[in-house]
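K.L.:
Dropping the sequence and predicted coords here.
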Amino acid sequence: MKSIFIAFITVVCFYAVNQDVVFASVNNTNKNPGSPLKDPVIQDNKPVLKNLNTMDTIWYEGFANGMPAGWTVHDSTGNSYNWIFSTQGPTGAYTGFWPYPDSPISSTTYSNGFLMMPADFYNTTSSGTLNPNYIQMNAWVQTAAINCSGYSGVALRFQEKFRFCCNVSTAIFKVFVSNNGTSWTGYDVRDNVPENAISADPDTIKINISSVAANHATVYLRFYLAGVSHYYWMIDDIALVTAPANDLIMKSTKAWCIRESSTGAQSNDDYYSQIPVSQAMKMNFNGNIYNYGSNSEHNVNLAVGVTKNSQSVFTGQGNLGVIMPGVTQTINLVAPYFVPGSTGTYQVAYHTTQLENDENPADNSETNMSFKVSANTFARDLTNTSPVGIISYTGGADGDYIGVNYYNTYSSVVGSISVYVDATSYTGTSMIAKLYRYSG
């Protein structure tokens, strides 16, 4: 019988804990839904594209002189919770350690300042505690008119760093573009980052806005945040550049395990950063591909290669056909899937191609993913040691449970649970490790 093992740590007066279970290792722990966490889970496998000069620059703003003349800020809540210019990172009840700020965006020109929407600060009292009457943001900052006359292809590029709480269904991170100041076209720039996670730092956003901006003399950009009560959004190094004709971008990648029941039925399990060789499962991979160019791209293909000790152990392909301009689509590999056969560290490389000649092939690949097949360790930690504890979320109390589940494909003996204890934890904190078995 196949079982799911769930490893929990009961935390008493404890600040920061990351679990390991041998067989189990836990780091990305469960959280209290709808509550802001203090410490981020880093979003992996996102390309960071810092060079803003690969295309001809039409217009650029790096905020060297503060908030630019002619720009407009607006807060629809009526509380003056506006976008601001800053040279320091955000602070608040759940951001940084009050009154000390969190890290600023690591943008190309962050040292001379950037724009920020400090939602957490606006919902924090003067003593650094959460305002019990906190509200959701509803504010935008808008550029002055930008002249794009004579440019048949226009693309927007900027760098951002953000985190938000507490409901992904209400959170709005959008850039609106207009060529007359009254009619607007919106583009989602949340980049699929979930609530309470922190985006890449920086996350470079690239959007083809030719359908709105090309050959227009009065183009406006409006950065709009709504439905978010905590944390922040920082933006910097905004540029309008000439759009390429053919350019695919590997936006994000994913790996996951495929578990099989005794009847042969298959279901998906999340990615393990370590898995015991005795529990090794089939694995599949996909990539989210964005057509940044002005043309449709044909015969779009995803190739995935897995290596161990620099030797190829798996190659797989997936084909989508056509991706229209401005569209992001997911390509999954087709069977047969990869099954790791021995212990060691495996590297995964993703690459996308198309029939047309890509004008910027540097952003077509992702090579930062890896995982381990070990003798006896399960792990979901992604090598990330960000702490979490009972004061990291609203309503935390002594005795709270923090845990993660592991799917046990074959009968085995669980020998121990190991825990990473962060340096900020309180001396004398007690912990109780528990393992639950669920057979469903």
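P.N.:
Perfect, I can see it now.

K.L.:
Next, count neighbours for residue 167.
P.N.:
Other residues within reach of residue 167 by the criterion other CB atoms under 10 Å amount to 14. C-betas here are computed from N, CA, C, even on glycine.

K.L.:
Tell me how far it lies from residue 320.
P.N.:
For residue 167, the distance to residue 320 equals 31 Å [CB to CB, to the nearest Å].

K.L.:
which secondary element of this protein has the worst mean pLDDT?
P.N.:
Sorted by mean pLDDT, DSSP states H and E, the helices and strands of the chain end with strand 17-24, the least confident at a mean of 37.

K.L.:
What strands line up against the helix or strand that that strand is followed by, and which way round?
P.N.:
Along the chain past strand 17-24, the next helix or strand (assigned with DSSP states H and E) turns out to be strand 57-61. Pairing partners of strand 57-61, with direction, according to DSSP bridges: strand 230-242 (antiparallel).

K.L.:
How far away from the center of its chain is stretch 87-100?
P.N.:
21 Å (CA atoms, centre = their mean, to the nearest Å).

K.L.:
what does stretch 269-279 give?
P.N.:
Distance, stretch centre to chain centre, for stretch 269-279: 22 Å (CA atoms, centre = their mean).

K.L.:
Please work out the average pLDDT along it.
P.N.:
Rounded to a whole number, the mean pLDDT of stretch 269-279 is 88.

K.L.:
Kindly report the same for stretch 371-389.
P.N.:
On average, stretch 371-389 scores 76.

K.L.:
ditto for stretch 205-223
P.N.:
For stretch 205-223, mean pLDDT is 96.

K.L.:
What are the buried residues along that stretch?
P.N.:
Under the neighbour-count criterion of 16 or more other CB atoms under 10 Å, stretch 205-223 has 205-210, 212-214, 216, 219-223 buried.

K.L.:
Then stretch 400-419?
P.N.:
400, 402-409, 414, 417-419.

K.L.:
where's the dip in pLDDT among these?
P.N.:
In terms of pLDDT, the least confident member of the buried residues of stretch 400-419 is residue 402, at 72.

K.L.:
you'd agree that residue is in a strand?
P.N.:
Yes. With DSSP: H, G, I helix; E, B strand; the rest coil as the criterion, residue 402 is assigned to a strand.

K.L.:
now it: how far from residue 263?
P.N.:
When CB to CB is the yardstick, residue 402 and residue 263 sit 34 Å from each other.

K.L.:
and what of residue 329?
P.N.:
33 Å.

K.L.:
Pick out whichever of the two has more residues nearby.
P.N.:
It is residue 329, of residue 329 and residue 263, that has more neighbours when counted by other CB under 10 Å, with 16 against 5.

K.L.:
Remind me what the helix or strand containing that one packs against, helices and strands.
P.N.:
Counting by DSSP H and E, the secondary-structure element that holds residue 329 is strand 328-332. Contacts of strand 328-332 with other secondary structure elements, assessed using 3 or more CB pairs under 8 Å, 6 or more residues apart in numbering; DSSP states H and E, are made with strand 282-291, strand 297-308, strand 311-323.

K.L.:
again, only this time at 10 Å
P.N.:
Contact analysis of strand 328-332 by 3 or more CB pairs under 10 Å, 6 or more residues apart in numbering; DSSP states H and E lists strand 248-260, strand 282-291, strand 297-308, strand 311-323 as its packing neighbours.

K.L.:
helix or strand right after that strand?
P.N.:
Next along the chain after strand 328-332, with elements defined by DSSP H and E, is strand 344-353.

K.L.:
CA atoms only: put that next one into PDB for me.
P.N.:
Extracted in PDB, the C-alpha atoms of strand 344-353 (Å, rounded to 0.1, in the frame of the first residue of the first chain):
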ATOM      1  CA  GLY A 344      23.900  11.600  -7.400                       C
ATOM      2  CA  THR A 345      23.200  15.200  -8.400                       C
ATOM      3  CA  TYR A 346      21.300  15.800 -11.600                       C
ATOM      4  CA  GLN A 347      21.300  19.000 -13.700                       C
ATOM      5  CA  VAL A 348      18.300  19.900 -15.800                       C
ATOM      6  CA  ALA A 349      18.600  22.200 -18.900                       C
ATOM      7  CA  TYR A 350      15.600  23.600 -20.800                       C
ATOM      8  CA  HIS A 351      15.800  25.100 -24.300                       C
ATOM      9  CA  THR A 352      13.200  26.300 -26.800                       C
ATOM     10  CA  THR A 353      13.500  26.800 -30.500                       C
END
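
K.L.:
got the buried residues for it?
P.N.:
Buried, per 16+ other CB under 10 Å, within strand 344-353: 346, 347, 348, 349, 350, 351, 352.

K.L.:
Ok, stretch 307-316 next?
P.N.:
Buried, per 16+ other CB under 10 Å, within stretch 307-316: 307, 308, 313, 314, 316.

K.L.:
re the thing from before, let's test this: mean pLDDT of the strand holding residue 329, rounded?
P.N.:
Looking at strand 328-332 alone, the average pLDDT works out to 95.

K.L.:
if we can go back for a sec, now intersect the buried residues of stretch 205-223 with the helices, please.
P.N.:
With helices defined by DSSP state H, the entries of the buried residues of stretch 205-223 inside them are 210, 212, 213.
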